[in-house]
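**Q** Just the structure for this:
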Amino acid sequence: MKPINFILILAISIIALSCTPDEFTLNKKTPGQIDGLIMTSLESVDQYADNAIILNENGLAAMRRYGLTQFIGDFTVKIQQGEGVRFSIRSACNEYDNHPVINFDYTTKGCIFSGTGLKEFLVDSVKALRNSPSRIKIYNLGKNITVTVNCDTVYNTKTELPATEFIMVKSLNNSRIQLSGISFEEFEDK
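**A** The predicted model follows:
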């Protein structure tokens, strides 16, 4: 085999093995880099900026900051169409449908909490407004989970579910969701 053919085959192999269209990276140029995985069709999630994605109808993405299980997840959420978005906390992308989880649905009807060991409940005093951005912070700290929407604490509890690196985000009922300003900040106990 000629050396040029060998180099060409090697280059094509490297490119083919490194091509993973279902993965994305947020905050690439910062120490807070977030790895993402599209868990539905490739068209269901679009990355449109370094720290922003759009979940199209029925989109589901897993996001994590490698090695970080105690963190504050920060998202600016805008519901462009439909009813809302689900954040799954203390979950993982493998065995997602069967993994223990705490779900937080931010919808036009209010904030709905459900999941492993939880009786579903609704906080109807805080609701999403279509095309109006809201800041959501998820505090995933040890046995504690707190969720705030625009500075209002809508959920604060203790859980026995083990902490994980992942937050899953899913568009609900054919919604289109813009998520921007995404960060997972390390919790520093002072």
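
**Q** quick one: contacts for residue 37?
**A** Residues counted as contacts of residue 37 (C-beta atoms under 8 Å, 6 or more residues apart in numbering) are 22-24, 61-63, 93. In this view, the C-beta of every residue, glycine as well, is placed from N, C-alpha and C.

**Q** What is the subsequent helix or strand relative to the host helix or strand of it?
**A** In this structure, residue 37 sits in strand 34-38 according to DSSP states H and E. Downstream of strand 34-38, the first helix or strand assigned by DSSP H and E is strand 45-49.

**Q** Report the strands that pair with that next one, each with its relative direction.
**A** Partners of strand 45-49 in the sheet, by DSSP bridges, are strand 52-55 (antiparallel).

**Q** Name the residues that touch the strand it pairs with?
**A** Here strand 52-55 has contacts from 24, 26, 36, 44-48, 61, 80, 85, 169-171, 175-182, using C-beta under 8 Å, 6+ apart.

**Q** didn't residue 104 look like it was pressed against residue 84?
**A** No. With the criterion set as C-beta atoms under 8 Å, residue 104 and residue 84 do not qualify as a contacting pair; they are 10.2 Å apart.

**Q** Just the C-alphas of stretch 101-118, formatted as PDB.
**A** Provided in PDB are the C-alpha atoms of stretch 101-118 (Å, rounded to 0.1, in the frame of the first residue of the first chain):
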ATOM      1  CA  VAL A 101     -35.800  11.000  39.100                       C
ATOM      2  CA  ILE A 102     -37.300  14.300  40.300                       C
ATOM      3  CA  ASN A 103     -39.200  16.100  37.500                       C
ATOM      4  CA  PHE A 104     -39.900  19.800  37.400                       C
ATOM      5  CA  ASP A 105     -42.300  20.900  34.700                       C
ATOM      6  CA  TYR A 106     -42.300  24.700  34.000                       C
ATOM      7  CA  THR A 107     -45.600  25.200  32.100                       C
ATOM      8  CA  THR A 108     -48.200  27.800  31.300                       C
ATOM      9  CA  LYS A 109     -50.400  26.100  34.000                       C
ATOM     10  CA  GLY A 110     -47.700  26.400  36.700                       C
ATOM     11  CA  CYS A 111     -44.800  24.500  38.100                       C
ATOM     12  CA  ILE A 112     -45.500  20.800  38.400                       C
ATOM     13  CA  PHE A 113     -43.300  18.500  40.500                       C
ATOM     14  CA  SER A 114     -43.300  14.700  40.200                       C
ATOM     15  CA  GLY A 115     -41.000  11.700  40.300                       C
ATOM     16  CA  THR A 116     -39.700   8.800  42.300                       C
ATOM     17  CA  GLY A 117     -41.300   8.800  45.800                       C
ATOM     18  CA  LEU A 118     -43.100  12.100  45.100                       C
END
